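1. please work out how this folds:
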Amino acid sequence: MNFFKLNEDNAEDNRDHYILFSIEPIENNKLMKNYVYLKTVYSIN
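-> Numbers count the residues shown, from 1 in each chain. As a prediction, this is how the structure comes out:
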């Protein structure tokens, strides 16, 4: 699972946000990847 974190100091609702995404290769170009948004959650267990 890949994610990045928007911390509570930078969020309007003062909660941590974790944005989950997957990375898929592009068939015709090995140097490029497609980042696919999955969902946003408030905690990772």
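2. I'd like the distance between residue 37 and residue 1.
-> 13 Å (C-beta to C-beta, to the nearest Å). Backbone N, C-alpha and C define where each C-beta goes, glycine included.
3. give the residues shared as contacts by the two.
-> residue 20 (C-beta atoms under 8 Å, 6 or more residues apart in numbering).
4. I'd say residue 23 and residue 35 touch.
-> Yes - between residue 23 and residue 35 there is a contact under C-beta atoms under 8 Å: 5.9 Å.
5. which parts of the helix or strand harbouring residue 24 are buried?
-> Using DSSP states H and E, residue 24 sits in strand 17-26. Using 16 or more other C-beta atoms under 10 Å as the test for burial, strand 17-26 gives residue 17.
6. show me what contacts residue 15?
-> Taking C-beta under 8 Å, 6+ apart, one finds 8, 42 in contact with residue 15.
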